[in-house]
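Q: Need coordinates for the below:
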Amino acid sequence: MQATARRPVVSIGLLALAVGVSALLIALGMWQLQRAAEKRTMLAEFERRGVAAIVDLNRSATDDAGTLAGYGAAATGHYLDFNILLDNQLHQGRAGYLVYTLFALDGGKPSILVNRGWIGAAADRSRVPRFDTPTMSQRLEGRLSRPPATGLLFEGSELIEHLADDVWRVQNIDFPGLSTSLGEDLLAITMLLDADAPAGFVRNWMPPGSDEARHLGYAFQWFAMALAVMVIAVVITLRSSKTG
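A: Here you go, the predicted model:
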């Protein structure tokens with residue numbers, strides 16, 4: 001009799017637990033839908049800026065360069081022998097670097113870091129990748145971009161390792177820190193070198209916000225899990241009541 005009386009209490013507790021877990025899973029799914037909407041807006045803005053007038057860095061005001069991400073840009077000047085290797089960058093599962101080279105703008109304006117693309121890293125991290133940097137006067141075209149997001153920064157991530165006369169390795173792009181270390185004024189933005197431009201490496205530029213589908217997939221998984229939890233709880237409760 002006592003065991004029978006306990007069954008309704010246990011069933012109610014199980015259903016309450018299932019409702020609580022499902023509510024949490026649904027909240028996670030809604031958060032992923034919100035992230036997908038943000039990525040959709042980000043991609044739309046990126047595409048809008050891509051068809052806008054090209055920014056001429058030699059003529060435009062550059063005090064607010066950090067706000068120009070996504071716009072096409074052109075610059076006349078020359079590369080300097082300052083190459084920054086952004087560490088921990090993957091391409092097709094292989095570890096490597098993004099190569100940023102300083103490009104001095106004609107007219108005495110601050111230099112800009114040009115992302116020339118990805119190169120592989122040797123298993124021995126003390127080995128410095130070697131590549132050519134043409135320093136003749138030229139005109140570059142590309143897309144203005146913020147550096148890759150680095151997530152959580154740990155102790156030592158601010159270090160700027162001087163690997164060779166013309167090569168530095170960093171864990172994140174810190175414009176003020178690099179400007180101080182290199183003795184060069186830098187724009188607070190980078191340029192993604194056009195895929196067809198010479199003197200570049202692997203360039204598979206992904207527009208910001210292009211991973212909307214990933215967030216939608218996560219949302220579907222959270223919602224499916226919430227439904228599964230409720231179905232399992234209801235089935236267990238019904239079977240328990242029948243055996244009583």
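
Q: going forward, measure contacts and count neighbours with C-alpha atoms only.
A: OK.

Q: ok, and what's touching stretch 136-147?
A: Applying C-alpha atoms under 8 Å, 6 or more residues apart in numbering, the contact partners of stretch 136-147 are 66, 68-79, 173, 189-194, 197.

Q: In ChimeraX, select just the buried ones from those residues.
A: Filtering the contacts of stretch 136-147 down to the buried ones (16 or more other C-alpha atoms under 10 Å) takes a single ChimeraX command:
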select :68,69,70,71,72,73,74,75,76,77,78,79,173,189,190,191,192,193,194
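
Q: Packing partners of the top helix by length along the chain?
A: Criterion DSSP state H: the longest helix present in the chain is helix 2-50. On a contact count with 3 or more C-alpha pairs under 8 Å, 6 or more residues apart in numbering; DSSP states H and E, helix 2-50 meets helix 212-243.

Q: State the distance from residue 33 to residue 212.
A: 9 Å (C-alpha to C-alpha, to the nearest Å).

Q: and what of residue 99?
A: Distance of residue 99 to residue 212, given as C-alpha to C-alpha: 27 Å.

Q: Neighbour count: those two, which is higher?
A: Remark: of residue 99 and residue 212, residue 99 carries more neighbours, 24 against 20, as counted by other C-alpha atoms under 10 Å.

Q: Quick one: classify that one as helix, strand or coil.
A: Secondary structure assignment for residue 99 (DSSP: H, G, I helix; E, B strand; the rest coil): strand.

Q: Not counting stretch 171-190 itself, show me its contacts.
A: Contacts of stretch 171-190 (C-alpha under 8 Å, 6+ apart): 62-66, 68-69, 82, 86-88, 110-115, 144-147, 150, 157-160.

Q: Can you tell me which of the residues you listed are buried?
A: By 16+ other C-alpha under 10 Å, the contacts of stretch 171-190 give 62, 65, 68-69, 82, 86-87, 110-115, 144-147, 160 as buried.
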